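Undergrad: structure of the sequence below:
(3 chains)
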Amino acid sequence: MGVTMISQMLGHMNFGRTIAALWLPHGDSTFSPGVQFLWDFWYWISVFFTVLIVGLVVSFSIRYRHTKDRTIAENSPSHNNSLEITWTIIPFIIVMVIFALGFKDYMNMDSPPANSYNIHVIAQKWSWTFVYENGAISNTLYLPVNKPVRLNMTSKDVLHGFWIPDLSIQRDVVPGRVMTTWVEATHPGKYILQCAEYCGDGHSEMRANVVAEAYPKFQHQIVAAANIFEENGKPLPLATVGKKLYVTLGCLGCHSVDGSKGTGPSWKNLAGSKEVLTNGHSVSVDYAFLKTMITHPGRVLIKGFPAGVMPSYGSRFTGKNVKNLYAVVWYINSLSKYSNKASQPPVPNESGGAEPATSSKAAAAPATVAPAAAVKAASPVAKVPSGPKPIPLHVLGAKLYKSLGCIGCHTVNGQPGVGPTWKNLAGYPQKLTTGKTVIADYKFLRTMILDPGTMDVVGVPAGVMPNMYKYQLSGKKHPHETKLNALIWYINTLSNRSSKATQPPVPDVPAVK
Amino acid sequence: MAGELQSETPDAAKRYGGKQLHVPGAGTLGVSLLVGSLSVLFISSLIGYICYWFSFPRPVTVHLPWGLWLSTAVLFISSITIHWAWLAIRHDIQRSCRIALLATLVMGIAFLCLQIWNWLEIYGALQSADHALKALHPQYVSPIGGMRMAHALIYEKQALFAAFYFFTVMHAVHVFGGLIPLGVVNVKARRGVYSRNYHPGVRYCLIYWHFLDAAWILILITLLITF
Amino acid sequence: MTTLTGNNFGDTPVVPAKPDNYLTHGKTIGSWLLTLDHKRIGIMYLVVGLLAFFIGGMLAEVIRTQLLVPQGLIFHGTGSVASSYAAYRYYNQVFTLHGIIMVFLVLIPIIPGALGNFALPLLLGAKDVAFPKLNLISFYLYVVGALLAILSTVLGAVDTGWTFYTPFSIQTESYVVVMVLGIFLVGFSSIFTGINFMVTIHKLRPPGMTWFRMPLFLWAIYSTSLIQVAATPVVGITFVLLMMERVMGIGIFNPALGGNPVLFQEFFWFYSHPAVYIMILPAMGIVSEIIPVFSRKHIFGYEFIALSSLAIALIGFLVWGHHIFVNGQSAELDAVFSFLTFVVAVPSAIKVWNWLATMYKGAIVLKTPMLYALSFIVLFTIGGLTGVVLGALSEDVVLHDTYFVVGHFHYVMMGGTLIGFIAGLHYWWPKMFGRMYNERIAQWTCVVLFIGINLTFFPQLMVGADGMPRRYASYLPMYQPYMIVSTVGAYIQLVAFLSMAGYLLHSLFRGKKAPVNPWGGGSLEWETSSPPPHDNFETTPSVGDPYDYTDMVFDPVTNGYVRTEPQQVPVAAPQAH
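TA: Numbers count the residues shown, from 1 in each chain, chains lettered A, B, ... in the order given. I've put the predicted structure just below:
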């Protein structure tokens, strides 16, 4: 077929795949033979009936055409029940066979074997990410050959469709639940994964490469994929790693790096610049701000950019993955002429992701909010230091104010916001909707942060404050409530009526051991 | 509904430019089909809501306003009065029919007022928060503009609030839609248009009102189960 | 018979000029806009529907032009990935608008609205539909809905796809609410039309026309109306919920608020799958009318065709789940839906066989309506068979959301519904406007359109099966040859449609006067003059077997068919054959 030849000529230009067959691709998974068989079965039946019907239409039109001698139909019956029953029953039987074959294969597709290798698939606008059992993360889907793989898929934003035509699998990825499917590749090969369910601007480019390899090679690959911070055993500069992440995490879908307009702000000259938020505040894009925007994008919105587009990357940038954050922020800084100490991550670019050097950078950044400038840019807040230089809790609180997103609703300069300003809050009387008036002491502040629904202050809308801080600041995981105390200390520093009753039960500056 | 109600009146022929279009039974069939269509609407949304509720059960924290029982009683009485009007006109008791029709109209309006009261009852918390916010910030605009219900209502209870409003408002819209033809029928009955053999308007209202009644009972049962 | 060259306007001395017909009955604009005459309402539906079809069609040409090159010919980036994504948004808006216009403003309303309104009372020998005012209200609801859809586009368009899947449709910053409100109103129009037609068929059949002596088009319209009345409310409520979701954030479809996005799909397809039958059934009805007339032979298997319409309508309610096999509903449920999907395929097959059996030993006149009817059979066969493989569970996993699906439903919607509509338009055109069109040009146009449709959609079946997903603004280079063929096909279709517009407009003003019965049809609309008078019939027509052509001869003087003896009025119980 000529077209096939042309397409094969074009084939070397793309993802290692050409149109190999006229119809279905030559499938390489355990499902493929069944799918191919049913397809062929249907195909030849269809060809038969199409030819039959077209043939009858054409031959009747010629054989029985209206001519001068033939102006009226021949006498023939206008109904025949046995004929009707015949052409009801025969198609019925055929479609029932197709149904049964399709159903049998489908049940197989629906039940992953127990000994499957697990891969977690994360879909988001507009990229695919795969997490393997060893914790490796990649944007290419590596599959072991002749081993069933169970794919647990989640979406971060909207519906996506996980589709590998060559491996005969497809499943929608529905946000809010874990979708499962499984596949077993039978040959080593390179395939394409495409998004099949419409998901917005970048839908048509939401592809990923799929590489099926023999099991030992597969393991080697995912071990290599587990460490993006090194190349050939040498640590890479963080900005270089950030550039990789820019592609692999799909940032490039919305953020350009050349200043051109996209769905999100361009990263060109972003770090260190000034941005105006939707609530009218003007902020400088420093490290803490970038961190909030990346990990909790809904909390603060930059004016001029739509809400709800940016997926929450959360765990991909926090906890043990915090190095990813440094890398991306370093990359953003490398694109900006305004880059300064405040906008840079607390680890050096060249360290290649070595453990953050806390003390060496301590004296650098100018403080905007907290008085204790010297320790402002110290270590990331997640690691409350146990080292020789303890940070006052209120400084940590000032950072948390930004990173937890309190800044979205509460001002610190007395201006009105959605929630009450923190300026002169501690120690001042608060009128509740129940009519009672209470003093904003430690207990009150703690309750309002952890269980915001318990009481409502007059003039503040109910139900706006998220109730998730209970889990982030207190509870089993945070028995010492360090972060909570830090926030309350910070609130205290903003008030001129701060007193023993309004301050947390732990001292602001932890005792040096 | 108005179009159908008029299509069977004797002077319809004149209106349609000389076409004779008095079709016996057409209006009743039309109204029945409309009611059937609307029933699909109510039943499918109730089924959808129940499916939703089963898959995501919520803690019971919202109490239905007791006014619902009052409005149920009013709607039930109005259903009796419309039936009474129909029986009366079938026996050609004009006066009785007029009184019953008027009573139905009044009951219908009373039902709507009660429903509005019920909505306000459950809307209270949301409203006061909204007002307070307005007082605090003059630039703040309405729950429909930038501020969504998600912000103003407590997260987990949203679906229940939404379901309550959705079903009761949907039903009230249909009651309101029924009151207009009912008003027309009232006027016509006062003019003495209807007789023992000719009373299509009364019959249509009867069918429609019984449908409203049945739909309300289904909604009430669903709300009672799920709240 | 003869081909006109256009200059013999008024050259029909044997037919005395009618003093009055529905087109000349009242000449003011108000007499059109406020008319209660079903024929004029039908013509207004036709005008608005064709306008919508023109817009939708031009959008389709934009889509095909974009896909000429892998990176997009019209909407493409300036180098960076972010800029191409921003450009692809416009493509997404274009295909969304194409889908919405074609589905909600053309395919669903045009056959019942235009041809149904015009022909249904005529086929019944009635003076009008049961509720003429409601009919006008339906039309204006349709117009207002269409205007809202246009408004939404002017304001800033919608990029959700015509399916409005949540949560994308909740999150997207486009004018979904206005668009959905427009479709909501069109839905009401659809319900009212359905009620109107059902009551008309129930109550306005003339004496002697029993259920099984109705023309088959009426059976098709009846089945369609049944779906319109029973299914449309569901999409109405779905769209109300979607609007509430966007405006108030009620959280029922939004996973971020604990909602269930799949519930939207269930609701949506509960309407939108039966809606497919709203589109195709009337087209099948038209084909069932045309084939016997142009075969000069009684329809074969009347009851089977009639009841298969009803069967399709009823089973069609139970198959919506086959649109969502891969979205994670339980496999058992998938199996039930798949089974029912295959069951609903059978009545369609029955129809095709009966049409072929009608042609057998007929005297086939290959005039334009017949050519379109035959095109329908061929294209619908391809569309139907490709639907069969999509109904098979394991195959759907491979083919879901691909260009194979696009090809399949365009074969059914374009090759089925639209070709059926065009067939009906050509069939009733002489009755509508009292003019004949140029037969030769019309026949060639049909051939060109048939070629264009196949060139457009067959390559789509191929690339889809091979692995090209739908709704892609850019694609892998290996598919380019296929995409070019498809685009060329779309341009050929455009040529055919422009030609059609040309000769139909020409016929309006310069066409030869149409006889009472140009094709030799046996149903009642061919007993009244062309165009019919305001009251449809001078005298109440007598009802016989609508597919009996034995006592009909061609009269070369009027260029039409006449009965040699008056239609026999059967008095006994129906014995259709």
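Undergrad: what stretches of chain B score poorly on pLDDT?
TA: Across chain B, the ranges flagged by pLDDT under 70 are B:1-22, B:52, B:55-63, B:123-162, B:227.
Undergrad: so which residues of it form helices?
TA: In chain B, the helices defined using DSSP state H lie at B:2-6, B:12-15, B:26-55, B:67-90, B:94-136, B:149-152, B:158-191, B:200-226.
Undergrad: want to throw the ones you listed into CSV with distance to A:G253 and mean neighbour count?
TA: Every C-beta, even on glycine, is put in place using the N, C-alpha and C of the backbone. Shown next, in CSV, are the helices of chain B (distance: least, Cβ to Cβ, whole Å; neighbours: other Cβ atoms under 10 Å in any protein chain shown):
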stretch, distance to A:G253, mean neighbour count
helix B:2-6, 52, 20
helix B:12-15, 61, 14
helix B:26-55, 32, 19
helix B:67-90, 49, 19
helix B:94-136, 36, 17
helix B:149-152, 26, 20
helix B:158-191, 31, 18
helix B:200-226, 41, 19
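Undergrad: out of these, the one nearest C:A373 is which?
TA: Closest of these to C:A373 is helix B:26-55, at 31.3 Å (criterion: Cβ to Cβ).
Undergrad: does that closest one come close to chain A?
TA: No: Helix B:26-55 lies apart from chain A when judged by Cβ under 8 Å from any Cβ of the partner chain; the minimum separation is 10.1 Å.
Undergrad: got the angle between that helix and helix B:200-226?
TA: Orientation check (axes from the mean of the first three to the mean of the last three Cα atoms, to 10 degrees): helix B:26-55 against helix B:200-226 gives 10 degrees.
Undergrad: list the helices and strands helix B:26-55 packs on?
TA: Judged by 3 or more Cβ pairs under 8 Å, 6 or more residues apart in numbering or on different chains; DSSP states H and E, the packing partners of helix B:26-55 are helix B:2-6, helix B:158-191, helix B:200-226, helix C:176-203, helix C:216-248, helix C:261-295.
Undergrad: next, the angle from it to helix C:216-248.
TA: 50 degrees.
Undergrad: if we can go back for a sec, okay, the helices of chain B in JSON lines with distance to A:H66 next?
TA: Output for the helices of chain B, formatted as JSON lines (distance: least, Cβ to Cβ, whole Å):
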{"stretch": "helix B:2-6", "distance to A:H66": "46"}
{"stretch": "helix B:12-15", "distance to A:H66": "45"}
{"stretch": "helix B:26-55", "distance to A:H66": "42"}
{"stretch": "helix B:67-90", "distance to A:H66": "60"}
{"stretch": "helix B:94-136", "distance to A:H66": "64"}
{"stretch": "helix B:149-152", "distance to A:H66": "68"}
{"stretch": "helix B:158-191", "distance to A:H66": "55"}
{"stretch": "helix B:200-226", "distance to A:H66": "51"}
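Undergrad: circling back: okay, the helices and strands packed on helix B:26-55 in JSON lines with distance to chain A next?
TA: Formatted as JSON lines, the helices and strands packed on helix B:26-55 follow (distance: least, Cβ to the nearest Cβ, whole Å):
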{"stretch": "helix B:2-6", "distance to chain A": "39"}
{"stretch": "helix B:158-191", "distance to chain A": "9"}
{"stretch": "helix B:200-226", "distance to chain A": "21"}
{"stretch": "helix C:176-203", "distance to chain A": "13"}
{"stretch": "helix C:216-248", "distance to chain A": "11"}
{"stretch": "helix C:261-295", "distance to chain A": "6"}
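Undergrad: which one, of those, ends up nearest to C:S348?
TA: Nearest of those (Cβ to Cβ): helix C:261-295, 7.9 Å.
Undergrad: let's have the helices and strands packed on helix B:26-55 in JSON lines, adding distance to C:A473.
TA: Output for the helices and strands packed on helix B:26-55, formatted as JSON lines (distance: least, Cβ to Cβ, whole Å):
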{"stretch": "helix B:2-6", "distance to C:A473": "46"}
{"stretch": "helix B:158-191", "distance to C:A473": "35"}
{"stretch": "helix B:200-226", "distance to C:A473": "43"}
{"stretch": "helix C:176-203", "distance to C:A473": "20"}
{"stretch": "helix C:216-248", "distance to C:A473": "24"}
{"stretch": "helix C:261-295", "distance to C:A473": "23"}
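Undergrad: quick one: which of these is nearest A:P504?
TA: helix B:158-191 (33.9 Å).
Undergrad: for the stretch 1-150 of chain C, what lies in contact range of chain B?
TA: Of all the residues in the stretch 1-150 of chain C, those lying near chain B are C:36-37, C:127-128, C:130-134, C:137, going by Cβ under 8 Å from any Cβ.
Undergrad: can you redo those residues as TSV with secondary structure, neighbour count and distance to A:V223?
TA: Shown next, in TSV, are the residues of the stretch 1-150 of chain C next to chain B (DSSP: H, G, I helix; E, B strand; the rest coil; neighbours: other Cβ atoms under 10 Å in any protein chain shown; distance: Cβ to Cβ, whole Å):
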residue	secondary structure	neighbour count	distance to A:V223
C:L36	coil	20	79
C:D37	coil	28	79
C:K127	coil	21	83
C:D128	coil	27	79
C:A130	coil	28	76
C:F131	coil	28	74
C:P132	helix	25	77
C:K133	helix	18	76
C:L134	helix	24	72
C:I137	helix	18	70
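Undergrad: can you pull out the low-pLDDT segments for the stretch 1-150 of chain A?
TA: In the stretch 1-150 of chain A (pLDDT under 70), the answer is A:1-22.
Undergrad: helices along that one, start to end?
TA: With DSSP state H, counting those that start in this stretch, the ranges of helices along the stretch 1-150 of chain A come out as A:2-11, A:32-63, A:81-110.
Undergrad: name the residues of the longest one that come out as buried.
TA: The neighbour-count check on helix A:32-63 (16 or more other Cβ atoms under 10 Å in any protein chain shown) flags A:32, A:34-36, A:38-39, A:41-43, A:45-46, A:49, A:53, A:56-57, A:60-61 as buried.
Undergrad: again, but for the last one
TA: In terms of neighbour count (16+ other Cβ under 10 Å), helix A:81-110 has its buried residues at A:83-84, A:87-88, A:91-92, A:94-95, A:97-99, A:101-103, A:105-106, A:109-110.
Undergrad: what about that helix, near chain C?
TA: Yes: interface with chain C: helix A:81-110 contributes A:83-84, A:87-88, A:91-92, A:95-96, A:98-99, A:101-107, A:109-110 (Cβ under 8 Å from any Cβ).
Undergrad: so how far is that helix off the chain centroid?
TA: 42 Å (Cα atoms, centre = their mean, to the nearest Å).
Undergrad: by contact count, what packs against it?
TA: Counting by 3+ Cβ pairs under 8 Å, 6+ apart, helix A:81-110 packs on helix A:32-63, helix C:331-359, helix C:368-391, helix C:393-399.
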